[in-house]
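Visitor: All I have is the shape, not the residue letters:
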Ligand code: ZN
């Protein structure tokens, strides 16, 4: 496993649409392992493949630090409710902003063995799923921020996604 370089806002790779994964290969398995390691090392709660420069529909999420989800070719099945709160991104270091997201999300994805599964989440998990899936279509949260993008030095307890 290896820590990969996290691409930052302004890098064109973050604005591109990612391609579906057709089959698991040793290379993709290594990418997934590296993405998890890179996410933990950066203290993030999620990471999408384009953030490490790979245009594939792969996301890793762990909002508790001990419950990682690997989401390959994820798609949202249902969402409801609304939550408005702080959001950050490892590709937009040092910043955060207020974003409104659904408070409940149900999604379908494949795990690292390409077995299909469904995931349901509320609050931070729902927010993380929406945020990371946006990355796969080249969208960054900064385009959804209500009000100004803030410096995180002013906010101590924020989590980055
Ligand atoms: Zn992000």
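Guide: Arrived safely. Quick caveat, the model's predicted, so the values are computed rather than measured.

Visitor: Which other helices and strands does the lengthiest helix in the chain contact?
Guide: Longest helix in the chain, counting residues (DSSP state H): helix 26-41. Under the contact criterion of 3 or more C-beta pairs under 8 Å, 6 or more residues apart in numbering; DSSP states H and E, the helices and strands touching helix 26-41 comprise strand 46-48, strand 58-61, strand 69-80. For every residue, glycine as well, the C-beta is placed using N, CA and C.

Visitor: residues making contact with that helix?
Guide: Residues outside helix 26-41 that contact it (C-beta atoms under 8 Å, 6 or more residues apart in numbering): 1-4, 6, 21, 45-47, 49, 52, 54, 56, 58, 60, 62, 65, 68, 70, 72, 90, 112.

Visitor: again, but for stretch 87-101
Guide: If you take C-beta under 8 Å, 6+ apart as the criterion, stretch 87-101 is touched by 6-9, 11, 14, 39, 42, 44, 47, 51, 82-86, 126-127, 130-131, 140-142, 144-153, 155, 158-161.

Visitor: Same check on stretch 134-142?
Guide: Contacts with stretch 134-142, where a contact means C-beta under 8 Å, 6+ apart, come from 9, 14-18, 48-51, 57, 59, 74, 87-89, 91-92, 95, 97, 99, 131, 149, 161.

Visitor: hmm, 7 Å instead?
Guide: 9, 14-18, 48, 50-51, 57, 59, 87, 89, 91-92, 97, 99, 131, 149 (C-beta atoms under 7 Å, 6 or more residues apart in numbering).

Visitor: And the residue nearest the centre of the protein?
Guide: Nearest to the geometric centre of the chain sits residue 132, at 2.6 Å (C-alpha atoms, centre = their mean).

Visitor: Would it be right to say that it lies in a helix?
Guide: Yes - Residue 132 sits within a helix when classified using DSSP: H, G, I helix; E, B strand; the rest coil.

Visitor: Was I right to think it contacts residue 62?
Guide: No - using C-beta atoms under 7 Å as the test, residue 132 is too far from residue 62 to be in contact (11.0 Å).

Visitor: just to revisit the earlier point, I would like a PyMOL command selecting only the buried ones among the contacts of helix 26-41, please.
Guide: PyMOL command restricting the contacts of helix 26-41 to the buried ones, with burial defined by 16 or more other C-beta atoms under 10 Å:
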select buried, resi 4+6+21+45+46+47+49+52+54+56+58+60+62+68+70+72+90+112
